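Engineer: sharing a model prediction with you, sequence too.
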Amino acid sequence: MAPIKSKPKPKTPTTTKAKPKLTKPKQTKPKQTKATATDKPLNLSARTLWPKTTELLSLAFSVYPLFDCALYAQYTIGLHAWFLQQIQARDAELSAYMHDRGSEKPFSISGLSGQFVSNSQSLQLQKDKTYRWKINGLCQPVAQGIAAWLRELPDEIDLKDAPLAIESVRLVQPATTYAKLLTAAKQDSGTVSLSFISPTSFRRKGHHLPLPWPTNVFHSYLRRWNHFARNQVDPDTFLEWVDQHVIVHRHTLESVKVAAGKQGSVTGFTGAVTYQLDRQANEQPDFQSLFYALVRLAPFCGTGHKTTFGLGETHLGWQESAAVPAVPTGQLLLAERIEELTALFVSMKKRQGGKRAQDTAQKWATILARREQGDGLDAIARDMDLGYETAKTYAKLARRALREGLPD
């Protein structure tokens, strides 16, 4: 189809330690350059959408539903799959790279944000409202691949039970590079705040850690930096510096359990945190600059794990918890049921043990929990990248294991 500039919406009716000396708090926010306007839609027919040297990209899609509808509990899996299918149709090699489970993912996505109808069970979309969805690219090939895709952007996002028309695409912040982030960060100082918009979590010794502990947060960013940026940093020495000099100045957090990614559940947190450096931090200026550069990276890469499925969405600055959308009851119940079933199936696989047993237990639990909520097996198979017959077999095995595992 022909490239679009923007599309009009149809009109519709109406532990305690000695306190280190702290620098005087001075809240700063990384500045945006004036190179690219982010308040107006991209002209998708322009010769270039952003420089070919671009490595970091953050796009917001304005979308609207074709009719009033509800989002199914794990709809971000659908958004993830749709995006990769779009890339695959144009560049199979790039799509395979983006999907590679053995590497750091070169992109992240968000869930939908906007005005939802009040409903405790699910997120309800209104056909006369516009919603926002973000896609972030973390390397040059992905940035250029997205640019090529936008030339042939379809009219709609084909999301199960909730097709979304694409109205326009904007840059959330100017396209940039890792080198530019580091250069700009050398001018930053004072405290920094990060807001975690969607449930965020880390893995620690095989368990979820639903806290923004500095070493975990900045390890998360450093992994992406070392994988995609040209100047790599020794993680052990930098994270030791973080542990010694980065302090949680204030925070407001809530914990939440959600079904996450293709299988399993995650105990995460939402809210905001302010970090501050102690006086000795500036004795290592290179690490101090990297600290601020990683803060600037956060909105692009997200925080923690499963950021390609909408978790760990991160904004710069302090955002009140009221602005963070509540997780619907349906999603909470699904996550709790998946966790319950996973624990049961793992206990039944003690002889097998190891990562494989955990993975199988999560698959069985996810399939069974979603079937209990009424999801079709074909949709579950697609979301989990399983063949239909494989999903069917897992469902049968899960039901049998559940019957055997329940007390008489």
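Structural biologist: That came in fine, so what should we check first?

Engineer: in this structure, which spans are strands?
Structural biologist: Per DSSP state E, the chain carries strands over the ranges 57-65, 69-71, 107-109, 123-125, 131-137, 156-157, 164-171, 192-200, 202-204, 207-209, 246-259, 265-277, 314-316.

Engineer: for the residue nearest to residue 277 when sequence neighbours are not counted, give me its contacts.
Structural biologist: Counting by Cβ to Cβ, 6 or more residues apart in numbering, residue 277 lies nearest to residue 245, which is 5.5 Å off, once chain neighbours are set aside. Every C-beta, even on glycine, is put in place using the N, C-alpha and C of the backbone. By Cβ atoms under 8 Å, 6 or more residues apart in numbering, the contact list for residue 245 reads 277, 278, 280, 281.

Engineer: want to throw the strands of the chain into CSV with distance to residue 100 and mean pLDDT?
Structural biologist: Output for the strands of the chain, formatted as CSV (distance: least, Cβ to Cβ, whole Å; pLDDT from 0 to 100):
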stretch, distance to residue 100, mean pLDDT
strand 57-65, 19, 97
strand 69-71, 28, 90
strand 107-109, 11, 97
strand 123-125, 30, 88
strand 131-137, 15, 97
strand 156-157, 24, 97
strand 164-171, 26, 97
strand 192-200, 23, 96
strand 202-204, 19, 83
strand 207-209, 24, 80
strand 246-259, 23, 91
strand 265-277, 21, 93
strand 314-316, 23, 96
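
Engineer: one step back: what does the pLDDT read for the residue nearest to residue 277?
Structural biologist: Per-residue pLDDT puts residue 245 at 98.

Engineer: need the strands of the chain in JSON lines (columns: distance to residue 219 and mean neighbour count).
Structural biologist: Shown next, in JSON lines, are these (distance: least, Cβ to Cβ, whole Å; neighbours: other Cβ atoms under 10 Å):
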{"stretch": "strand 57-65", "distance to residue 219": "22", "mean neighbour count": "22"}
{"stretch": "strand 69-71", "distance to residue 219": "32", "mean neighbour count": "21"}
{"stretch": "strand 107-109", "distance to residue 219": "16", "mean neighbour count": "24"}
{"stretch": "strand 123-125", "distance to residue 219": "31", "mean neighbour count": "21"}
{"stretch": "strand 131-137", "distance to residue 219": "19", "mean neighbour count": "22"}
{"stretch": "strand 156-157", "distance to residue 219": "33", "mean neighbour count": "16"}
{"stretch": "strand 164-171", "distance to residue 219": "28", "mean neighbour count": "20"}
{"stretch": "strand 192-200", "distance to residue 219": "13", "mean neighbour count": "25"}
{"stretch": "strand 202-204", "distance to residue 219": "8", "mean neighbour count": "15"}
{"stretch": "strand 207-209", "distance to residue 219": "11", "mean neighbour count": "15"}
{"stretch": "strand 246-259", "distance to residue 219": "12", "mean neighbour count": "18"}
{"stretch": "strand 265-277", "distance to residue 219": "14", "mean neighbour count": "22"}
{"stretch": "strand 314-316", "distance to residue 219": "14", "mean neighbour count": "20"}
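
Engineer: could you dump these to JSON lines with distance to residue 338?
Structural biologist: Listed next are those as JSON lines, based on distance: least, Cβ to Cβ, whole Å:
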{"stretch": "strand 57-65", "distance to residue 338": "27"}
{"stretch": "strand 69-71", "distance to residue 338": "18"}
{"stretch": "strand 107-109", "distance to residue 338": "21"}
{"stretch": "strand 123-125", "distance to residue 338": "19"}
{"stretch": "strand 131-137", "distance to residue 338": "25"}
{"stretch": "strand 156-157", "distance to residue 338": "26"}
{"stretch": "strand 164-171", "distance to residue 338": "26"}
{"stretch": "strand 192-200", "distance to residue 338": "14"}
{"stretch": "strand 202-204", "distance to residue 338": "16"}
{"stretch": "strand 207-209", "distance to residue 338": "13"}
{"stretch": "strand 246-259", "distance to residue 338": "6"}
{"stretch": "strand 265-277", "distance to residue 338": "4"}
{"stretch": "strand 314-316", "distance to residue 338": "25"}
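
Engineer: might you list the low-confidence residue ranges for the protein?
Structural biologist: The model of the chain has pLDDT under 70 over residues 1-38, 101-102, 118-121, 206, 261, 263, 321-329, 350-353, 405-408.

Engineer: pop the domain breakdown of it in here.
Structural biologist: Domain assignment for the chain by automatic domain parsing gives 57-171, 178-323, 329-405.

Engineer: of all the ones you listed, which one is nearest residue 49?
Structural biologist: Residue 49 lies closest to domain 57-171 among these, at 4.9 Å (Cβ to Cβ).

Engineer: can you say which of the strands of the chain is nearest to residue 292?
Structural biologist: Closest approach to residue 292 among the strands of the chain is made by strand 192-200 (7.1 Å; Cβ to Cβ).

Engineer: name the helices or strands packed onto that closest one?
Structural biologist: Counting contacts by 3 or more Cβ pairs under 8 Å, 6 or more residues apart in numbering; DSSP states H and E, strand 192-200 packs against strand 265-277, helix 285-301, strand 314-316.
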